[in-house]
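Engineer: curious how this folds, go ahead:
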Amino acid sequence: MTNDIGIVIERGKKKSAAYAPAWPGWSRGASSVEGAIERLAAYGDRYREVAALAGLAHEFPLAPTFDIIEEVPGTGSTSFWGISFVASSSEQGQMSEAECERKLSLLSACWTYFDHVAGKVSLELKKGPRGGGRDRDQILNHIFANERDWSRMVGLDVAEGAHLTVKGLAAHRDAYVQAIREYNTAGKSPRTWRLQFLLRHTAFHVMDHAWEMVDKDLTSDGSGKEAKF
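Structural biologist: Purely as a prediction, here's the structure:
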């Protein structure tokens, strides 16, 4: 196993993002490219938990180094939020079945990680600019509301409030994964976004808010230790 991980740099005018296309959910932004890469590296240990949950710990190096495989211009949203909003050239086409299943396993692992964190943190979270000052249940609702919107891109119509029961949330996620799988098999592209970007952005959104909850948990020191499995 090599320590090199291919990353993409998305440059905005004010902020940039760095992400690893092969590891959906592992993406960070900052006011500079160098800062985005540093933040990505700093979150490597945290993301390793996701790789382990997906059964891919053996593929994730203990001391990753980065190989910039592409640089793409960002959008106004990239510049404002420091979040990737552009599909790289490697994310334009159809995935092999093996690649699709690998990335879907990582998306599912992101959800598992998120649920674990949500079950441990305080209901009220530390206030601050990150995340808009939401408390835990507001974050849960925010995650589902966005996924409900995004799932329409792959032909799903998820009932409002489906996430309020364990069965309903599981059914939503199963349907979302299956829809992505079927779109990829058929070589179809969702409305608005590329399929691989939809998958990656969903995973990023889940992890960004999971890490936010860890950092703002009123019962922890913000070290992320409480999120360990």
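
Engineer: from here on, contacts and neighbour counts on C-alpha atoms
Structural biologist: OK.

Engineer: nearest the geometric middle of this protein, what residue?
Structural biologist: Per Cα atoms, centre = their mean, the C-alpha nearest to the average position across the chain is that of Phe204, at 1.6 Å.

Engineer: which pLDDT value goes with it?
Structural biologist: The predicted structure scores Phe204 at 98 on the pLDDT scale.

Engineer: need the nearest residue in space to it, chain neighbours excluded.
Structural biologist: Gly25 (3.8 Å; Cα to Cα, 6 or more residues apart in numbering).

Engineer: one more: Ile7?
Structural biologist: Counting by Cα to Cα, 6+ apart, the residue nearest Ile7 is Ala20, at 4.4 Å.

Engineer: buried stuff in the lowest-mean-pLDDT helix or strand in the chain?
Structural biologist: Among the helices and strands of the chain, helix 76-81 carries the lowest confidence by mean pLDDT, DSSP states H and E, at a mean of 94. Buried residues in helix 76-81, counted by 16 or more other Cα atoms under 10 Å: Thr78, Ser79, Trp81.

Engineer: which one of those residues is nearest to Ala42?
Structural biologist: Trp81 (18.8 Å; Cα to Cα).

Engineer: surely the closest one touches Lys15?
Structural biologist: Yes - counting by Cα atoms under 8 Å, Trp81 touches Lys15, with 7.2 Å between them.

Engineer: mutual contacts of the two, please.
Structural biologist: Gly29 (Cα atoms under 8 Å, 6 or more residues apart in numbering).

Engineer: and the least confident helix or strand of the chain, what other elements does it pack with?
Structural biologist: Packed against helix 76-81, as judged by 3 or more Cα pairs under 8 Å, 6 or more residues apart in numbering; DSSP states H and E, are the following elements: strand 4-11, strand 16-19.

Engineer: please identify the most buried of these.
Structural biologist: Of all the helices and strands packed on helix 76-81, strand 16-19 has the most neighbours on average by mean count of other Cα atoms under 10 Å, namely a mean of 29.

Engineer: restricting to C-alpha, output that one in PDB.
Structural biologist: Only the C-alpha atoms of strand 16-19 are listed here, as PDB (Å, rounded to 0.1, in the frame of the first residue of the first chain):
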ATOM      1  CA  SER A  16     -10.500  26.800  -1.700                       C
ATOM      2  CA  ALA A  17     -11.200  23.100  -1.000                       C
ATOM      3  CA  ALA A  18      -9.100  20.000  -1.100                       C
ATOM      4  CA  TYR A  19     -10.600  16.500  -1.300                       C
END
